[in-house]
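K.L.:
sharing a sequence plus its predicted fold:
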Amino acid sequence: MSKGPVTDKERLAIIEALKSGKSQTATAKEFGRGASTVSRVARGAGLDAAYSTPKKANAARVWFAKQERIALNAELFGRLREMLSDEDLTATELKNLAIAYGILVEKRRLEEGEDTAVSTVRLSESDLHELMRRLPRWAEEHAAIGSTIS
């Protein structure tokens, strides 16, 4: 049995319910309308989603995904530290590890909301060798920081 056409007042109430984070299914039940009717109202209002996830569920999903990325980042720092302890590393392998380390640091900064603006730095060969000498200690420190995040 059909309720008839959606009134302007009902249309506005459906749109507000969807904008507040209520799912289309829950909104359809609340207004006694079919899901396709609510979907049509949403589309007509420019709300481009076949399904609108509730805000709390979406926020939880984003938070857990971030925690998983942070945990993986910490694991990668630990693995990098293990690889750096290999005394038979070639220059190319060390360079690749340094690049991986730099990427991990930047990704961690992004996760923590730090500024990651790129700046150009020119290093002499001796400065570069000094940085490479310090790299294992830095990797160890960052791995220790990463392992305390839960």
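P.N.:
Nice, I can see it. Numbering: from 1, shown residues only.

K.L.:
what sits up against the helix or strand of the chain with the lowest mean pLDDT?
P.N.:
Within the chain, confidence by mean pLDDT, DSSP states H and E is lowest for helix 125-147 among all helices and strands, at a mean of 78. By Cβ atoms under 8 Å, 6 or more residues apart in numbering, the list of residues contacting helix 125-147 from outside reads 70, 73-75, 77-78, 80-81, 84-85, 94, 97-98, 101, 104-105, 108, 123. Glycine gets a C-beta too; all of them are placed from N, C-alpha and C.

K.L.:
apply 10 Å and report the result again.
P.N.:
The contact list for helix 125-147, computed with Cβ atoms under 10 Å, 6 or more residues apart in numbering, reads 70-85, 91, 94-95, 97-98, 100-102, 104-105, 108, 121, 123-124.

K.L.:
how far does that helix sit from its chain's centre?
P.N.:
26 Å (Cα atoms, centre = their mean, to the nearest Å).

K.L.:
the helix ranked longest in the chain - contacts with which helices or strands?
P.N.:
In the chain, assigned by DSSP state H, the helix with the most residues is helix 55-84. Judged by 3 or more Cβ pairs under 10 Å, 6 or more residues apart in numbering; DSSP states H and E, the packing partners of helix 55-84 are helix 91-112, helix 125-147.

K.L.:
ok, for the residue most central in space within the chain, nearest residue in space, not its chain neighbours?
P.N.:
Nearest to the mean C-alpha position of the chain, by Cα atoms, centre = their mean, lies residue 66 at 5.2 Å. Excluding the flanking residues, the one nearest residue 66 by Cβ to Cβ, 6 or more residues apart in numbering is residue 111, at 6.2 Å.
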